[in-house]
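J.: model this:
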Amino acid sequence: MSLSLASSDTAKPGRRRRIGRTPAFAYAAVAPTLLIVCAVVGIPLAYSVYLSLNSTNPITKKWIFVGLNNYVTVLTSPDLWWAIARTAYFAGFAVVGTTILGTILALVLNQRFPGRGLLRSVVLVPWAMAPVSVGVLWSFVFAGNYGTLNALLTDLGLASWATPWLGNGFRALNLVALTHVWNQAPLTALMVLAGLQSMPGNLHKAAMLDGAGPVARFFKITLPWLKPNLLFISIIATINALMAFDILWIMTRGGPGSATTVFAWLGYVYSFQFFKFGEGAAMLYVLTILSFLLAIFYFVVLGPRRVRAAEDRPLPSSSLEGTLKRRAMAIIPPLPRRWHLPRHVARPLGKTLFFLLAVVIFIWSALPVLSLVLMSISPAGDLIRTPPSIVPSTLTFDNFRAVLMPQVGTGGSSVQAQRVPYSLLNSFLVGAAVSLICVVLGTFAGYAFARYEKLRFFKYSLWALLLTRMTPALTLVLPFFIMFRTVNLIDTRTALIISYCSFLLPLSAWMMKSYIEGVPKSLDRAALIDGCSRFKMMWTILIPVVRPGIIAALIFCFLASWNEFLMALILTSTPNSQTIPVVLSGFLSQAQFYEYGPMFAASVLSILPPVLIAFVFQRYLVQGALSGAVKG
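T.: Residues are numbered from 1 along each chain as shown. Below you'll find the model as predicted:
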């Protein structure tokens, strides 16, 4: 099939007119995504509103309409306002921590040095891990009598510094927030890296000729350039902090006392521990409103702006280069001249400091994961011995045999350990199904959004789709639980697939839109002029071109499905459908000491697929994060 422009000269006028109109194919391509999102997000949200206006009794199953009384009750509760205060502190800690740490990581990874690919893969590991696995790891690191941190202090002769780290309320809140930062900072690093890689290199070269040092260049050039990225990162980090649940469930469960009871946890307690569905729905809807306000703020502040007329004039250079030059001229203030160190001192000193920083980053990212692996091959007795020590008496694979082959495991094997193999299979099957559905539908929707985004229907439906992405999972899981129980879908993989699509389908459509925008429209037109249908054009021309984006979307959807915990915790109850994060959390309810070894072995198995993906497909992960999170 010829795609030459010459074919356009022989095309019939009627065909050219049809190509210029908005085809029915565009509406058909986006319809499944919009209908599914409306069904799995819009209906539960509406049901949640109805639920919040009623008082329910789970025993008698009677509903009494109470209007806004549930909202009045929760808004006048001191527990709610204390939870809001803790949430604000937690979110502030998370935003500042992830922004600063992520920026440092990105600045290092933006440099060329031997081993950069390895370091980038290692940095991605904490983000690729399931929050449940992160919680299991760090809860044992901070454990009181025999935790890893106290064991390290004991081995270093600093046993007097050992303390039950999670025993103090305010300290526990800070440590949980720090764990959240460790888990989320790599995603921030990828977003900052996108801004750094789009920065013209001649900006820093010109500043260096003017005598500006690295610190002055960072504050006068790099930071102003990254301002849009950092604003977007702040919004995303705030919303992620508002939705934080998994790590809190594993590490503290709102304790000690109520010291770590944040907004999301309080809504969960009201709904699924006190069974106050009406008040819980009202509380979670308040959280939804806060998230939507942040989303609207993002759309207003970071949404597309009208381009000034002066920027539309022809430029002597290419459009992209001209845009970058205009932006550079606008943001670069006068640079101060620096005091110079002698070159023979400055160069080796800079290299040494950079090397040390890279080593610190490697230790920060890898050491906790390596300690988890070490604990998984340590005897159970070594994990609880006093005084504690990080050096095991011997190495053993009994813990892995206990979870992979329970019938030949050690005598301490339990029912929970026997659930691990089947839960791994459930996680894989659900993740594969969700990824396939979301990427297939997201690719067609992304095409329509990319090619017709200026039309009102597609523009507004895209923003509505992204707005649903800001809905806290806790707000949806309560109506999901009640609705699925009504239609007998509780404890099925189907329920998980439906619920996971609620938050992954918008993400997939957004990522594919960003990739397809990079493909010239002339490619579509040439194929259509040569007689291709739009479906054939997408299948034979467009999809092969955007294959890296499809792979990236598949990886992101699979990782999110594999790591999801809240939906699986509420919607499953037996090994028939439980996924590995739920089974892993179940180990924490075991009182026997011999369960620690199998628990850490199960944790290693749960992070193995994400870690392998981070190492093998890191290039696609970086491309996907940059495209899906930064564009727009």
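
J.: ok, for residue 42, nearest residue in space, not its chain neighbours?
T.: Closest residue in space to residue 42, ignoring its immediate chain neighbours: residue 468 at 7.6 Å, by Cβ to Cβ, 6 or more residues apart in numbering. Placement of C-beta: from N, CA and C, glycine included.

J.: so residue 497 touches residue 430, yeah?
T.: Yes - between residue 497 and residue 430 there is a contact under Cβ atoms under 8 Å: 5.9 Å.

J.: For residue 63, pull up the helix or strand it's in.
T.: strand 62-65 (DSSP states H and E).

J.: what's next to that strand, contact-wise?
T.: If you take Cβ atoms under 8 Å, 6 or more residues apart in numbering as the criterion, strand 62-65 is touched by 53-56.

J.: So between residue 497 and residue 430, which is more surrounded?
T.: residue 430 (24 against 18; other Cβ atoms under 10 Å).

J.: Which residue, neighbours along the chain excluded, lies closest to that one?
T.: Residue 430 sits nearest to residue 496 (Cβ to Cβ, 6+ apart), 4.9 Å away.

J.: hang on, the earlier thing: okay, the contacts of strand 62-65 in a markdown table with distance to residue 231 and pLDDT next?
T.: Shown next, in a markdown table, are the contacts of strand 62-65 (distance: Cβ to Cβ, whole Å; pLDDT from 0 to 100):
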| residue | distance to residue 231 | pLDDT |
| --- | --- | --- |
| 53 | 36 | 90 |
| 54 | 40 | 89 |
| 55 | 42 | 87 |
| 56 | 41 | 77 |
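
J.: Scan those and report the most crowded one.
T.: Busiest of the contacts of strand 62-65 [other Cβ under 10 Å] is residue 56, holding 20 neighbours.

J.: Which stretches in the stretch 351-500 of the chain count as helices?
T.: Secondary structure of the stretch 351-500 of the chain (DSSP state H, counting those that start in this stretch): helices at 380-383, 398-404, 415-418, 420-451, 456-469, 473-486, 493-517.

J.: In TSV: those helices, plus distance to residue 141 and mean pLDDT.
T.: TSV is the format used below for those (distance: least, Cβ to Cβ, whole Å; pLDDT from 0 to 100):
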stretch	distance to residue 141	mean pLDDT
helix 380-383	12	84
helix 398-404	18	89
helix 415-418	22	83
helix 420-451	22	94
helix 456-469	32	83
helix 473-486	26	85
helix 493-517	30	90
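
J.: Now do residue 535: how many residues are near it, please.
T.: Residue 535: 12 neighbours (other Cβ under 10 Å).

J.: Same check on the one 5 residues further on?
T.: The number of residues packed around residue 540, counting by other Cβ under 10 Å, is 12.

J.: likewise residue 351?
T.: Neighbourhood size, residue 351 [other Cβ under 10 Å]: 11.

J.: Compute the number of surrounding residues for the residue lying closest to residue 508 once chain neighbours are set aside.
T.: Using Cβ to Cβ, 6+ apart and skipping the chain neighbours, the partner closest in space to residue 508 is residue 442 (3.0 Å). Applying other Cβ under 10 Å, we find 27 other residues in the vicinity of residue 442.

J.: Give the buried residues for stretch 117-131.
T.: With burial defined by 16 or more other Cβ atoms under 10 Å, the residues of stretch 117-131 counted as buried are 119-131.

J.: Quickly name whichever of the residues you listed is closest to residue 580.
T.: The shortest gap between residue 580 and any of those belongs to residue 130, at 7.8 Å (Cβ to Cβ).

J.: How about the contacts made by the closest one?
T.: If you count contacts by Cβ under 8 Å, 6+ apart, then residue 130 has 246, 562-563, 565, 580-581, 584, 606-607, 610 around it.

J.: Of the residues you listed, which is the most crowded?
T.: residue 580 (30 neighbours).

J.: Can you give me the separation between that one and residue 558?
T.: In this view, residue 580 and residue 558 are 13 Å apart by Cβ to Cβ, to the nearest Å.

J.: what's the answer for residue 504, then?
T.: 10 Å.

J.: before we move on, what about residue 194?
T.: Distance of residue 194 to residue 558, given as Cβ to Cβ: 22 Å.

J.: Once you drop chain neighbours, what's closest to residue 66?
T.: Once flanking residues are discounted, residue 66 sits nearest to residue 55: 4.9 Å by Cβ to Cβ, 6+ apart.

J.: Give me the helices and strands touching whichever strand or helix holds that neighbour, please.
T.: Taking DSSP H and E as the criterion, residue 55 maps to strand 54-57. Applying 3 or more Cβ pairs under 8 Å, 6 or more residues apart in numbering; DSSP states H and E, one finds that strand 54-57 contacts strand 62-65, helix 69-75, helix 277-302.

J.: which one of those is the most hemmed in?
T.: helix 277-302 (a mean of 20; mean count of other Cβ atoms under 10 Å).

J.: That one - contacts with which helices or strands?
T.: Helices and strands touching helix 277-302, by 3+ Cβ pairs under 8 Å, 6+ apart, are helix 43-52, strand 54-57, helix 69-75, helix 227-242, helix 263-268, helix 456-469, helix 473-486.

J.: Would you point to the one among the ones you listed that's packed deepest?
T.: Mean neighbours per residue, mean count of other Cβ under 10 Å, is largest over the helices and strands packed on helix 277-302 for helix 263-268, with a mean of 26.

J.: Mind listing residues that contact that helix?
T.: Here helix 263-268 makes contact (Cβ under 8 Å, 6+ apart) with 79-80, 83-84, 86-87, 242-245, 248-249, 253-254, 280, 283-284, 287, 472, 474.

J.: which of those count as buried?
T.: Buried members of these, counted by 16+ other Cβ under 10 Å: 80, 83-84, 86-87, 242-245, 248-249, 254, 280, 283-284, 287, 472, 474.

J.: how about residue 381, what does it touch?
T.: The contact partners of residue 381, taken as Cβ under 8 Å, 6+ apart, are residue 393.

J.: Next up, phi/psi of residue 121, please.
T.: With angles defined as degrees, to the nearest 10, residue 121 sits at phi -70, psi -40.

J.: Would you format the contacts of strand 62-65 as CSV with distance to residue 24 included?
T.: Putting these into CSV (distance: Cβ to Cβ, whole Å) gives the following:
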residue, distance to residue 24
53, 40
54, 42
55, 48
56, 45
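
J.: Go through those residues and say which is closest to residue 417.
T.: Distance to residue 417 across the contacts of strand 62-65 (Cβ to Cβ) is lowest for residue 56, with 37.2 Å.

J.: how close does that closest one get to residue 184?
T.: Taken as Cβ to Cβ, the span from residue 56 to residue 184 is 35 Å.
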